[in-house]
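1. Give me coordinates for this.
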Amino acid sequence: MKKGLIDRKTTLRLLQAQESVGGILDPNLGVFFPRDTAVKRRLLDENLCHDLNQNPKCYLDPETESDSSYGTLKERCITHLNTGLLFLIVSEKAQESVGGILDPALGVLLPKDVAMDRDLIDEDLYQTLNQSPECYIDPDTHQETTYVSLKKKCNADPSTGLLLLPAPAKSLTVRGIREQVSVVDLVDAKLLEPSDMEQLRQGKLTSQDIEQRLFTYLRGSTCIAGVYHEASNKVMPIYQAMKQGMLRPGTTLELLEAQAASGFIIDPVNNLYLSVSDAYNKRLFGPEFKNKLLSAERAVTGYKVPGSNKTISLFQAIDLGLVEKGHGIRLLEAQIASGGIIDPEHSHRIDVSVAYKRGYFDEEMNQILTDETDDTKGFFDPNTEENLSYLQLKERCIADKKTGHMLLPIKKKQESTQKNTLRKRRVVIVDPDTNKEMTIREAFDKKLIDYDTYMELSEQECEWEEITITAPDGTSRFVINDRKSGKKYDITALLEQGVIEKSVLDQYHSHNITLTQFAEMITNKAKHKQTSVSSADQISPDPLKHISSVSITLTSPAETVSEQGPVGAIFDTDTLEKISIMEGLNRGLVDSITSQRLLEAQACTGGIVNPTNGQRLSIQEATRIGIINEDMATKLKPAQKAYSGFEDVKSKRKMSAAEATKEMWLPYDAGQRFMEFQFVTGGLYDPEMGCRRTMEDAMKMGWLDARAAQKLQDVRHHFKNLMCPKSKLKISYKEALDNCLVEESTGVKMLQASSMSSRGITSPYNVSSAPGSSTGSRSGSQRGSRRSSIDLGFPSSSSSSSVTTHYSNISLLLP
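-> The predicted model follows:
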């Protein structure tokens, strides 16, 4: 079999026959050995031994016309009393070829006619024998033949007189994905007809003809080979497109993995099909992807079962847990979309139906892979930012006119502009006795003003922002937003709804009224349509009705925050590009401690954020697709436990971060940090119940005492353990959230970053930094989030943004 003289099925038949009489025969010694010993003596390999253990059904039961094992047929035999020979009751076809039908009682061979007269065979079997049925496989042609025909091809052994079939001619092969492929295998896979093999033997077809006809199954791949950049009219490899900012790292890895799992890494420029190792040597991808692509390539070469040399298919690897199921399905989908499932044992592609029949995957997986309506969408379109199946993404590709390769087009990005104007109003109260300024909150805390006065003065403070967004088609939207309270009004929509009149807008545009006055008019007119919610905490009314001199701060009271997402990405204001936190670290926009803290906040509030689509991922999945690296993943494990829970050894209960800190399972600094992250994004997380908890709940459950709860609620005094990547000043996580932009399509919060700080301080983490922040851009805390529709996908986009800030202070002197 190893030399290709007989096929695998015939080998199993012969080995089963040997085992039925005592074991595996060593032809040199003439001794039978058990399977284990036969493997050690290299009479069997482990794959054949494994197949024999499955008791394969390699024989056709002539009575039931179903597949059967040799042992099962042997059990149905009878033993001749005089000779001890075993006879299968229904075996007339073979008997006739050696001289007639055997009469078991007499031990003699009789002609068919006489056998029928003696009721050894019935009339139906008699008629069948007269038709010379083809029940055997010719080892030369691998086509069905009769026993008599096989017998005629035999040669008699001079010493024993036994009839021996001559060794078949050398098996015909063609070049496959990794190795030579037997033409017989292609017939078994229903890729060739038996007549094609006969034409090969007769010289009517050549190996080159077969290779060309089955190019997609043997060598080629119709997977996505590269990128076509419309703006420059260039074709380029996928990795090069990533380096030029056209693709994100996660998308790049997915497309390269699909190539590797489909047989080859493709060089679309030079029309080369390469193994992962060869492609790496030719620099078609970088070292950060090498190990992941070598792993994906095993879908072609096969996976090794730990502790043995047995080679298994991709699905079997999924079944054994060697490959994560979702990842494995993406690789299988890529194989199917690029030509068919790859059979690692035979080194060629096969159709899904054939793979299923061969047992390469079960019925559930077959349903997933054949169901066109299945919603498994593991690939990303960089143009539309949609999640698609590999086939859907491939349908959006174009064919290279020279090579025929499928290329993912990168569309030209149209210009989108945004102009922002910000005006703030601060209320300052001066104590006439000390001439000292105090904030509203300080005055209230010192009981110098009552609750009603506190609320009235707080409402007078605002940070109104005007946002004008011009879309690529020339249309524009006009929005005003109070960053402090979170109020937001779409002026364009209010005009269309008739809530405000155009004359009011004209007054503002002609500078007859200020932005603050305009906003107050809008607030009054849209009072019943307001959808924004103030983020200020409720403060219990104080019965004291005393008013005194006091000054007012810009910091709002402690807040009870509705659940919101963490900082999910970095917005590079130099290039107007959304990038991952790790990419911000690599560019020197974010320092290593800040990047770790931002990712910790993600991990302890639900998972690492995929900046592409906003989905939350486990640390393991985020590492696999390249959002974070292995070193960072190790550092984030404690933060992930703050969400998934710290398991109590005794009770097996999942403890929250607060409980783990209290029990000293978690260092105090880390525990306090994780709790702050959770609190400002919606509340402490209960891993046992899978929900957020209010401060009141946390205190009732014994997680926190009153002092610890008060410390968490006072967001003004949260640890300033981050360095603002824009101002280069120390900030808390709450302030980082307030400084974020929000991407409309995904909801991802983006922390603004620049190589030059808005205070004129060059980033200490980027020696080659250059000024790039917008003129007059505001540093420090912002209230609420600014949503915009500027293009965030590519550094080459021509989006522009300008921000103008104005301040106005109101001083109140209280009697």
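2. and P111, what pLDDT?
-> For P111, the pLDDT comes out at 78.
3. Show me the shaky parts of the stretch 451-600 of the chain.
-> 454-456, 458-463, 469-475, 483-487, 526-562 (pLDDT under 70).
4. now the helices for it?
-> 451-460, 491-497, 502-509, 515-525, 581-586, 592-603 (DSSP state H, counting those that start in this stretch).
5. Columns distance to K401 on top of these, output as a markdown table?
-> Using the backbone N, CA and C atoms, a C-beta is placed for each residue, glycine as well. Output for those, formatted as a markdown table (distance: least, Cβ to Cβ, whole Å):
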| stretch | distance to K401 |
| --- | --- |
| helix 451-460 | 66 |
| helix 491-497 | 45 |
| helix 502-509 | 52 |
| helix 515-525 | 55 |
| helix 581-586 | 35 |
| helix 592-603 | 44 |
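6. For the ones you listed, could you give me a markdown table that also reports distance to D26 and mean neighbour count?
-> As requested, the helices of the stretch 451-600 of the chain are arranged in a markdown table below (distance: least, Cβ to Cβ, whole Å; neighbours: other Cβ atoms under 10 Å):
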| stretch | distance to D26 | mean neighbour count |
| --- | --- | --- |
| helix 451-460 | 95 | 16 |
| helix 491-497 | 88 | 15 |
| helix 502-509 | 98 | 14 |
| helix 515-525 | 96 | 17 |
| helix 581-586 | 60 | 22 |
| helix 592-603 | 60 | 22 |
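7. Identify the residues contacting the host helix or strand of R349?
-> In the assignment (DSSP states H and E), R349 maps to strand 348-350. The contact list for strand 348-350, computed with Cβ atoms under 8 Å, 6 or more residues apart in numbering, reads 176-177, 181, 185-186, 189, 191, 214, 216-218, 335, 339-343, 358.
8. one more time with 10 Å
-> With Cβ atoms under 10 Å, 6 or more residues apart in numbering as the test, strand 348-350 has contacts from 174-179, 181-182, 185-186, 188-191, 214, 216-221, 262-263, 300, 335-336, 338-343, 355-358, 360.
9. So for stretch 572-584, first residue to last residue, what's the gap.
-> From its first residue to its last, stretch 572-584 covers 8 Å (Cα to Cα, to the nearest Å).
10. all strands in the stretch 301-450 of the chain, in order from the N-terminus.
-> Under the criterion DSSP state E, counting those that start in this stretch, the stretch 301-450 of the chain contains strands at 303-304, 311-312, 341-343, 348-350, 379-381, 386-388, 398-399, 406-410, 417-431, 436-438.
11. for the stretch 251-400 of the chain, which spans come out with low pLDDT?
-> Applying pLDDT under 70 to the stretch 251-400 of the chain flags the ranges 371-378.
12. can we see that at 80?
-> Residue ranges of the stretch 251-400 of the chain with pLDDT under 80: 306-310, 313, 325-327, 337-339, 345-346, 355, 358-362, 366-379, 385-387.
13. picking up where we left off before, determine which of the helices of the stretch 451-600 of the chain approaches K730 most closely.
-> The closest of those to K730 is helix 592-603. By Cβ to Cβ, the value is 9.8 Å.
14. Please save the CA atoms from the closest one in PDB.
-> Extracted C-alpha coordinates of helix 592-603, given in PDB (Å, rounded to 0.1, in the frame of the first residue of the first chain):
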ATOM      1  CA  SER A 592       2.200  51.700  28.400                       C
ATOM      2  CA  ILE A 593       0.500  52.200  31.800                       C
ATOM      3  CA  THR A 594      -2.400  54.200  30.400                       C
ATOM      4  CA  SER A 595      -2.900  51.600  27.600                       C
ATOM      5  CA  GLN A 596      -3.000  48.800  30.200                       C
ATOM      6  CA  ARG A 597      -5.500  50.700  32.400                       C
ATOM      7  CA  LEU A 598      -7.800  51.400  29.500                       C
ATOM      8  CA  LEU A 599      -7.800  47.700  28.500                       C
ATOM      9  CA  GLU A 600      -8.300  46.700  32.200                       C
ATOM     10  CA  ALA A 601     -11.400  48.800  32.200                       C
ATOM     11  CA  GLN A 602     -12.700  46.900  29.200                       C
ATOM     12  CA  ALA A 603     -11.900  43.500  30.600                       C
END
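15. How far does that helix sit from its chain's centre?
-> Taking Cα atoms, centre = their mean, to the nearest Å, the mean C-alpha location of helix 592-603 is offset from the chain mean by 22 Å.
16. mean confidence for the helix or strand following it?
-> Counting by DSSP H and E, the next helix or strand C-terminal to helix 592-603 is strand 608-609. For strand 608-609, mean pLDDT is 95.
17. which SS class is L191?
-> Here L191 is recorded as coil under DSSP: H, G, I helix; E, B strand; the rest coil.
18. repeat for G226
-> strand.
19. Start at 5, not 1
-> Taking 5 as the first residue, the last one we looked at is G230.
20. now it, nearest residue through space, not along the chain?
-> Setting aside the residues directly before and after it, G230 is nearest to P272 in space (Cβ to Cβ, 6 or more residues apart in numbering), at 3.3 Å.
21. Quick check: phi and psi on the one you found?
-> phi -70, psi -20 (degrees, to the nearest 10).
22. how far away is W669 from K286?
-> Distance from W669 to K286, counting by Cβ to Cβ, to the nearest Å: 50 Å.
23. Could you check which of those two is surrounded by more residues?
-> It is W669, of W669 and K286, that has more neighbours when counted by other Cβ atoms under 10 Å, with 17 against 14.
24. I'd say that one and K658 touch.
-> No. With contact defined as Cβ atoms under 10 Å, W669 does not reach K658; the gap is 11.9 Å.
25. what is in contact with the two at once?
-> In contact with both W669 and K658: K645, F650, E651, D652, using Cβ under 10 Å, 6+ apart.
26. mind listing what the residue nearest to L498 when sequence neighbours are not counted touches?
-> Excluding its sequence neighbours, the residue lying closest to L498 (Cβ to Cβ, 6+ apart) is I504, at 5.0 Å. Applying Cβ under 10 Å, 6+ apart, we find I504 in contact with Y493, I495, L498, F522, M525, I526, N528, K529, A530.
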